[in-house]
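Peer 1: sequence first, then the predicted structure, then my questions.
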Amino acid sequence: MSDAVQTETHGFQTEVKQLLNLMAHSLYSNKEVFLRELVSNAADAADKLRFKALSQGDLYENDGDLRVRLILDQDKKTLTISDNGIGMSREEIIDHLGTIAKSGTKAFFGQLSGDQAKDSQLIGQFGVGFYSAFIVADKVTVLSRAAGQPADQGVQWESDGDGSFTVTDINKPSRGTDVILHLRDSEQEFLDDWRLRSIIGKYSDHISVAVEMWKDGEPEQTDEEGKVTAAATEGEWEQVNKATALWTRSKNDISDEEYQEFYKHISHDWQDALDWSHNKVEGNQEYTSLLYVPAKAPFDLYNREQSHGLKLYVQRVFIMDDAEQFMPTYLRFVKGVLDTNDLPLNVSREILQDNKVTAQLRKACSKRVLSLLEKMAKNEPEKYQGFWTEFGNVLKEGPAEDYSNREQIAGLLRFASSNNDSDAQTVSLADYIERMPEGQDKIYYITADSFAAANHSPHLEIFRKKGIEVLLMWERVDEWLMSHLNEFDGKQFVSVTKGELDLGELDDEETKKAQEEAKEALAPLLERVKTALGDEVKEVRLTHRLTSTPSCVVAGEHDMSTQMIKLMRSAGQEVPEQKYILELNPEHTLVKKLETLEAGEQFNEWSQLLLEQAQLAEQGGLKDPAAFVARVNRLLLD
Ligand SMILES: Nc1ncnc2c1ncn2[C@@H]1O[C@H](COP(=O)(O)OP(=O)(O)OP(=O)(O)O)[C@@H](O)[C@H]1O
């Protein structure tokens, strides 16, 4: 022990306490996961040391055989997971085993309802990690010493999982970390050597570092006559996993179960992945990729800054976690491994930034994921629908970010539709096109604040009447998406709330003629309304998109849509006040009534009311709601 043994007590971050609580309740029926998590951490520590030692060979301290050992102590009732990996310093241990470093964690725990059954579902959105040790242990002691540090720089971390932990300086001659679990009385099954071997076999075969357990020696064996049949053997550490990195094996030799185990190892998810794609490429480019799509979105999916990306290996040597350079942001949910021979072993994040090989690999990996999704959508539509529910809104960022693949991404999008009267996003663009009536050559859509606002928008009236399907959109990202999608399969996208409505061949000659006549007859009325409203509107014209509503407002062809304005304002950008075009429905009684009114106060009030109610329906609010209410009341009493 060093002279000044310094023990400090630290409180866990509030979120850690909440996680511990949640985990104890949620994962009890799945409690073996603690072993996978702790062995994964130990294997990661070995990987990290191997990488650091590439440039600093003396870190091995003459012990380059990296391994993880499981040690049972029947008397003390402890199970120890011991590694000779990178280890942790005092600061690191306080930091890593006392807090959760992900941003947004607080908000995540803030939404817990207190209802254990409901909350336990949420653990799936959160990585399990080290803290799972407390599912089976009522006390955990961690002894660690960072590689390259003298023996007296060891540190002991200890906690009973109740809210605080202690940290003490210790002497630790061997490099690496021992996690000692003081098993609860009810968890003594994990002291059973055979039970442990079978769990480890299942969880760790594919981890590239050896996992070892102690095998007792055998005494000398003799036959009846006392002749020695087998010499005595000494006890030894025995490797219990295959220790071949899974992605290096041939696809045909890997079972689905093994793929799933590996997924859990790299993702810290405790549920199965939804699907994966494993590819070995030789030739010009040489790489292996194993990419997984999770079944559930993590809690921080919408934080675009959150770390994501692949585990990067170069010639099977682990280089870094979260190499985001190989996965575009709109595919940030993908987990996996990329192992390449085309990058140098001393590659850094900076080198990756601006690198031709990186760009090629990123393109290749993106393609793999898109093809995987395409196949799923085609062959297993229900499964794809599950994917869409979890990750659809992220995929919608794709056309803006990945211009070259936008047609393929557009093919994967799913929308709600005016045909369905439901907010379920199930309609693909291919479905839409297939259902188009003869004469329709455009894809019509509407963006609004909510499903109800989109579905009940007056702008849809004429489309409903004519049986033309309109795609309904109301997610924040939709406006952004549509500003980057011009066409699909040669068909142009048209917002039903923007510009002059031209249904082209969908309108018959008779209707067109009637419209022309109305235009001529009502020209004076339009003039008068424009004069009454003055600068409040850009233009007043007749509309044929309405059937049961008297008026609507539309943005000019090249103006920003209402949703885009809202999006930009909410992002803190200044957007100048935009003037709309007021459209009047010539068939509607109120418009007919307006025509009969003489110029004067009443005419002005009615014109104003028709504008305000149209703005209310389109924008969901008014600048001066009180004036609107007063006006309605005045007109009601007239
Ligand atoms: N055996 C170990 N050796 C060295 N460092 C370790 C070891 N175990 C844990 N750590 C450190 O503690 C950190 C936190 O571990 P924890 O398992 O809670 O989360 P994680 O591995 O980062 O992943 P996730 O949050 O996705 O579960 C690790 O990132 C690592 O830096």
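Peer 2: All right, it came through fine. Numbers count the residues shown, from 1 in each chain.

Peer 1: can you give me the strands in the stretch 251-400 of the chain?
Peer 2: For the stretch 251-400 of the chain, strands defined by DSSP state E, counting those that start in this stretch occupy the ranges 273-281, 287-294, 310-314, 317-323, 335-340.

Peer 1: with mean pLDDT as extra columns, can I get those strands in CSV?
Peer 2: Below are the strands of the stretch 251-400 of the chain laid out as CSV (pLDDT from 0 to 100):
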stretch, mean pLDDT
strand 273-281, 97
strand 287-294, 97
strand 310-314, 93
strand 317-323, 88
strand 335-340, 96
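
Peer 1: make JSON lines from the ones you listed and add distance to Ala518 and mean neighbour count to it.
Peer 2: Every residue, glycine included, has its C-beta placed from N, CA and C. Formatted as JSON lines, those follow (distance: least, C-beta to C-beta, whole Å; neighbours: other C-beta atoms under 10 Å):
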{"stretch": "strand 273-281", "distance to Ala518": "55", "mean neighbour count": "18"}
{"stretch": "strand 287-294", "distance to Ala518": "54", "mean neighbour count": "24"}
{"stretch": "strand 310-314", "distance to Ala518": "61", "mean neighbour count": "24"}
{"stretch": "strand 317-323", "distance to Ala518": "62", "mean neighbour count": "19"}
{"stretch": "strand 335-340", "distance to Ala518": "60", "mean neighbour count": "24"}
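
Peer 1: these into CSV, with extra columns for distance to the ligand?
Peer 2: Converted to CSV, these look like this (distance: least, C-beta to the nearest ligand atom, whole Å):
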stretch, distance to the ligand
strand 273-281, 15
strand 287-294, 12
strand 310-314, 12
strand 317-323, 8
strand 335-340, 10
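
Peer 1: between those, which one is nearest to Thr177?
Peer 2: Closest of the strands of the stretch 251-400 of the chain to Thr177 is strand 317-323, at 16.9 Å (criterion: C-beta to C-beta).

Peer 1: helices or strands up against that closest one?
Peer 2: For strand 317-323, the packing partners by 3 or more C-beta pairs under 8 Å, 6 or more residues apart in numbering; DSSP states H and E come out as helix 33-53, strand 310-314, helix 349-353.

Peer 1: packing partners of the second one?
Peer 2: Right, strand 310-314. Other helices and strands packing on strand 310-314, by 3+ C-beta pairs under 8 Å, 6+ apart, are strand 317-323, strand 335-340.

Peer 1: may I see the buried residues of stretch 454-461?
Peer 2: Along stretch 454-461, these residues count as buried under the neighbour rule (16 or more other C-beta atoms under 10 Å): Ala454, Asn455, Ser457, Pro458, His459, Leu460, Glu461.

Peer 1: farthest pair within those residues?
Peer 2: Pairwise distances across the buried residues of stretch 454-461 (C-beta to C-beta) peak at 13.3 Å, for the pair Ala454 and Glu461.

Peer 1: which one of the strands of the stretch 251-400 of the chain lies nearest to Arg541?
Peer 2: Nearest to Arg541, of all these, is strand 287-294, at 48.6 Å by C-beta to C-beta.

Peer 1: packing partners of the closest one?
Peer 2: Checked by 3+ C-beta pairs under 8 Å, 6+ apart, strand 287-294 has helix 256-267, strand 273-281, strand 335-340, helix 356-379, helix 381-395 packed alongside it.

Peer 1: need the winner for burial among those.
Peer 2: strand 335-340 (a mean of 24; mean count of other C-beta atoms under 10 Å).

Peer 1: coming back round to it: next step: the buried residues of stretch 454-461 restricted to helices.
Peer 2: Ala454, Asn455, Glu461 (DSSP state H).

Peer 1: closest one to Gln116 among the strands of the stretch 251-400 of the chain?
Peer 2: strand 287-294 (23.7 Å).

Peer 1: now do the closest one: everything it contacts.
Peer 2: Residues outside strand 287-294 that contact it (C-beta atoms under 8 Å, 6 or more residues apart in numbering): 246-248, 262-263, 266-267, 269, 271, 273-281, 310, 333-342, 361, 364-365, 368-369, 372-373, 387, 390-391.

Peer 1: cool, stretch 438-453 as well?
Peer 2: Looking at what lies outside stretch 438-453 - C-beta under 8 Å, 6+ apart - the contacts are 415-416, 423, 429, 432-433, 454, 457, 459-460, 463, 468-474, 478-479, 482, 487-488, 491-497, 504-506, 561, 563, 566, 620.

Peer 1: quick check: residues of the stretch 251-400 of the chain near the ligand?
Peer 2: His268 (C-beta under 6 Å from any ligand atom).

Peer 1: before we move on, back to that, redo the helices and strands packed on strand 287-294 as TSV? Include distance to Thr78.
Peer 2: Converted to TSV, the helices and strands packed on strand 287-294 look like this (distance: least, C-beta to C-beta, whole Å):
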stretch	distance to Thr78
helix 256-267	24
strand 273-281	33
strand 335-340	33
helix 356-379	43
helix 381-395	40
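
Peer 1: picking that back up, out of the helices and strands packed on strand 317-323, which is the most enclosed?
Peer 2: Among the helices and strands packed on strand 317-323, highest average neighbours (mean count of other C-beta under 10 Å) belong to strand 310-314, with a mean of 24.

Peer 1: neighbouring strands for that one, and are they parallel or not?
Peer 2: strand 317-323 (antiparallel), strand 335-340 (parallel) (DSSP bridges).

Peer 1: sorry, back to before: could I get the strands of the stretch 251-400 of the chain as TSV with distance to Leu597?
Peer 2: Below are the strands of the stretch 251-400 of the chain laid out as TSV (distance: least, C-beta to C-beta, whole Å):
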stretch	distance to Leu597
strand 273-281	62
strand 287-294	62
strand 310-314	69
strand 317-323	68
strand 335-340	66
